[in-house]
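Chemist: make a model of this:
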Amino acid sequence: MLKLKNLTFVLWGTLLFLGGCTKEEQAVAPTIANESLTTVILKATNTADAADTTSCRYKFTFDSQGNVTSSDSTPLNLKANATYAVAVQLYDELQSPVFDVSAEIKERQNYHLFFFQPTPISPANLVTGLTSPYIPGTATSATGPYLNLSVARTDHDTNNPAYELGLADKFTTGEASSGNLEVVLRHQPNAKNGTYAPGSTDLDVSYKVIIK
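Modeler: Numbers count the residues shown, from 1 in each chain. Okay, the predicted model is just below:
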């Protein structure tokens with residue numbers, strides 16, 4: 001597992017990422033064979049105006065031993081009182097051509113599930129369950145101000161019954177506000193049931209969100 005203070009990036013999984021650990025265990029570099037996942041992008045398109053697009057990026061730089069030497073992220077800027085179609089894009093930019101890790105997740109969709117956690121959030125809005133993309137146990141604020149963002153996954157896997165995946169999502173904004181959005185990918189082979197609990201964490205990153 002690769003873990004950075006305050007902003008965490010974790011990737012591992014059978015066939016896609018090698019090895020396994022929990023957040024509390026010692027960090028090791030994420031790899032796909034001899035490659036490293038370097039970039040996580042959220043690309044948002046306003047559903048009322050296809051020309052209105054925005055994105056945020058989380059990127060890591062690795063040394064020759066696969067250790068992170070630096071990282072940087074860009075904020076997600078959204079319009080108030082709007083709805084966005086959002087695509088999660090994962091890449092290994094060390095490969096030529098650039099390797100699309102999102103396609104690997106799609107191929108293994110029956111044991112992966114994304115979660116999205118806006119914060120600060122009120123207790124009333126932190127709803128968990130089979131259809132909730134939010135993370136159980138997230139700290140809430142009784143007084144705010146809150147990040148006025150709600151998230152819904154819009155794609156599904158091929159399990160029977162089908163469960164949500166989260167490579168494609170809907171972000172709905174309210175009034176102007178700011179906060180953070182945590183994005184977590186859970187790896188749940190032979191255990192996926194629509195909830196957060198089964199399995200372990202493949203990916204955990206956080207973005208600044210500004211709604212105005």
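
Chemist: find the nearest non-adjacent residue to residue 155, please.
Modeler: Distances taken as C-beta to C-beta, 6 or more residues apart in numbering place residue 168 nearest to residue 155, at 4.1 Å, with adjacent residues excluded. C-betas here are computed from N, CA, C, even on glycine.

Chemist: oh, I was asking about residue 150
Modeler: That would be residue 172: by C-beta to C-beta, 6+ apart, it lies 4.8 Å from residue 150.

Chemist: who are the neighbours in contact with that neighbour?
Modeler: 82-84, 149-152 (C-beta atoms under 8 Å, 6 or more residues apart in numbering).

Chemist: secondary structure and neighbour count added to the residues you listed, as a markdown table?
Modeler: Shown next, in a markdown table, are the contacts of residue 172 (DSSP: H, G, I helix; E, B strand; the rest coil; neighbours: other C-beta atoms under 10 Å):
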| residue | secondary structure | neighbour count |
| --- | --- | --- |
| 82 | coil | 17 |
| 83 | strand | 17 |
| 84 | strand | 24 |
| 149 | strand | 24 |
| 150 | strand | 18 |
| 151 | strand | 21 |
| 152 | strand | 16 |
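
Chemist: nearest to residue 120 among those?
Modeler: residue 149 (10.7 Å; C-beta to C-beta).

Chemist: indicate each strand paired with the helix-or-strand element of the chain with minimal mean pLDDT and its parallel or antiparallel sense.
Modeler: Scoring the helices and strands of the chain by mean pLDDT, DSSP states H and E places strand 68-73 at the bottom, with a mean of 85. Note on strand 68-73: by DSSP bridges, its sheet partners are strand 53-62 (antiparallel).

Chemist: just the helices from this protein, written as ranges.
Modeler: All helices of the chain, identified by DSSP state H, fall at 101-107.

Chemist: where does it dip in pLDDT?
Modeler: For the chain, the stretches flagged by pLDDT under 70 are 1-36.

Chemist: against residue 69, how distant is the residue nearest to residue 150?
Modeler: 37 Å (C-beta to C-beta, to the nearest Å).

Chemist: just want the most central residue of the chain.
Modeler: Nearest residue to the geometric centre of the chain (C-alpha atoms, centre = their mean): residue 183, 2.8 Å.
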